[in-house]
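Chemist: Sequence and predicted structure are below.
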Amino acid sequence: MFTRFLGGVTACLGIAGAVVAQQPAPAAPAAPRSTPQSAFPTRAVSTQLPAAPATLPQGTMAGNALTGAPTAGYAADAYGTCTADGCGPAKACASACDCLCGPPGRAWVSAEWLYWTGRGQNSPAFVTTSPAGTPRATAGVLGAPGTSTLFGGDKLNDNFRSGLRVRAGMWLDDCQKFGVEGDFFFLGNSGQGFNVGSNGSQILARPFVDALGNRNNSQLVSFGGSPDSQLVSFPGVLAGSVGVRSSSDFIGGGLGLICNLCCDPCGRLDFVYGFRYLNLRDDITINENLTALAGSNVPAGTRFLIQDRIRTNNNFYGANVGFNYERRFGHFFLGVRPTVALGVTNTTVDISGNTQIITPQGVPTNYPGGLLTQSSNIGRYTSNQFSVVPEIGVRAGVQVTEHLRAFASYNFIYWSNVARAGDQFDTRVNTNQIAPSSGGAGPALPAFQLQRTAYWVQGVGVGLEFRY
């Protein structure tokens, strides 16, 4: 604060000095009445001093005493009378380029630290548990008495995370009316993980909807000390563990042109138009590691390694239009940048699953499909959909030096018609498909049906901007 105060005082003194320097010099006192020339035959010498010039030569105005360039946009003759106390009337300009709108600088680059949060992705209940003594028919079944969800059933990847945004641009003409600008940003990976296991003393299950009986059911991960039951993929008493990993990544950027619409010494309104790109990727992976115990109807020591995985990749390509407005108040400035992009979102959904059964002798056998991924929905699916991406950015800051500015910001981005991994899970399962398949009939479930939703991110940031 004290440094900015001294800077403001210095700027004011510089302006005052320039104004005083450009005032006409006072006339020299009148010379005494001269003696008639005839009285002195020698050559007469004039004592009248020439009047000082009304204005200083070009290159000696306020700012840089040698070049006439402004020292800063907020206290510069070339940018009008925008002083530390506010904006006064602009000076008369000899040509259209003499009074530049500012902020000063032909080129600029900024780096901004982001702290944003995004809309989480929906998810079904992935892992459940039941209290000891629960009958096998209702163990881990959603809606059954005592069943509770350990992971899933709510929003995933909606946490705040850090990121970085870089922006650079330059004016293409001397009047700073037309320019080009580009930006790129990314958010750090949003990852959530969950792992739980038991030696058979705790009930752990994965719930689903039994498509054959149209009722809730569960695949047991660990159920010890109880008789055999309908265990979905394999009957028996098990010990094992289950882990779920959910991640989300978001990046974006663009390139565009800038056209000035109107300006004054302390503010400008620009029209921006160009190309916009966004990318959103989600990944949910479920892994199980199960071991049959002595009470199972399969040989004790048989192992089951099961994986379900769904990944989505969204790419937006579109035309971006909007406005960028900035107003300066002495050392400080305030800006707002509303834009909207119209284009297409290309979506790819990858669904994969695998079950490996290893005998007690160590002989493995692989089968396609896990629990929620079966031959009925495994594959890669691609589609295109029209999307709208509005964005609003607000920033406020201070001119630190002639070339350096510091600022804080808030941003909000909305993106329509994206696909999230959690929405692509179909919890209806034809149990005849679960490995090792019994070969029975039944509906082709789980099935793939692309589900789209909206995505948004918002948050704050702080950064530095260098202009030259």
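Modeler: Great, that's in hand.

Chemist: Could you chop this protein up by domain?
Modeler: By the assignment in automatic domain parsing, the chain contains the domains 13-22+54-101, 107-467.

Chemist: can you tell me the distance between the two ends of the last one?
Modeler: Across its full length, domain 107-467 reaches 6 Å end to end, with CA to CA, to the nearest Å as the criterion.

Chemist: start at 538 instead
Modeler: With the count now opening at 538, the last piece we talked about shows up as domain 644-1004.

Chemist: quick check: mean pLDDT across that domain?
Modeler: Throughout domain 644-1004, pLDDT has a mean value of 91.

Chemist: Ok, the first one next?
Modeler: Per-residue pLDDT values over domain 550-559+591-638 give a mean of 44.

Chemist: where exactly do the strands run in the stretch 838-987 of the chain?
Modeler: Counting by DSSP state E, counting those that start in this stretch, the stretch 838-987 of the chain has strands at residues 840-866, 869-895, 901-905, 916-936, 941-955, 965-966.

Chemist: surely Ile971 meets Ser912?
Modeler: No. Applying CB atoms under 8 Å, one finds Ile971 not in contact with Ser912, separated by 10.8 Å. Backbone N, C-alpha and C define where each C-beta goes, glycine included.

Chemist: So for these two, which residue has more residues nearby?
Modeler: Ile971 (22 against 14; other CB atoms under 10 Å).

Chemist: and the gap between the more buried one and Pro901?
Modeler: 18 Å (CB to CB, to the nearest Å).

Chemist: what does Val935 give?
Modeler: In terms of CB to CB, Val935 sits 65 Å off from Pro901.

Chemist: So for those two, which sits in the more crowded spot?
Modeler: Val935 (14 against 10).

Chemist: where's that one relative to Leu1001, distance?
Modeler: 11 Å.

Chemist: Phe812 too?
Modeler: Distance from Phe812 to Leu1001, by CB to CB: 26 Å.

Chemist: Pick the most buried one from the domains of the chain.
Modeler: Highest mean neighbour count among the domains of the chain (mean count of other CB atoms under 10 Å): domain 644-1004, with a mean of 18.

Chemist: need the helices for the chain, in chain order.
Modeler: 539-558 (DSSP state H).

Chemist: that older thread, can you tell which of the strands of the stretch 838-987 of the chain is closest to Trp993?
Modeler: strand 941-955 (4.7 Å; CB to CB).

Chemist: Which elements pack onto the closest one?
Modeler: Based on contacts counted as 3 or more CB pairs under 8 Å, 6 or more residues apart in numbering; DSSP states H and E, the elements that strand 941-955 packs against are strand 644-655, strand 804-829, strand 840-866, strand 869-895, strand 916-936, strand 990-1004.

Chemist: ok, 6 Å please
Modeler: In terms of contacts (3 or more CB pairs under 6 Å, 6 or more residues apart in numbering; DSSP states H and E), strand 941-955 is packed against strand 916-936, strand 990-1004.

Chemist: could you dump these to CSV with distance to Asn736?
Modeler: Shown next, in CSV, are the helices and strands packed on strand 941-955 (distance: least, CB to CB, whole Å):
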stretch, distance to Asn736
strand 916-936, 37
strand 990-1004, 40
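
Chemist: among the ones you listed, which is nearest Gly979?
Modeler: Of all these, strand 916-936 comes closest under CB to CB, at 19.3 Å.

Chemist: and for the closest one, what are the contacting residues?
Modeler: For strand 916-936, the surrounding residues in contact (CB atoms under 6 Å, 6 or more residues apart in numbering) are 611, 853, 868-878, 881-887, 942-944, 946-954.

Chemist: for stretch 891-909, same thing?
Modeler: 743, 756, 836, 838, 840-845, 890, 912, 962, 972, 983.

Chemist: Check the gap between Gly791 and Val966 for me.
Modeler: Counting by CB to CB - Gly791 and Val966 are separated by 43 Å.

Chemist: One more: Phe841?
Modeler: Between Phe841 and Val966 the computed distance is 16 Å (CB to CB).
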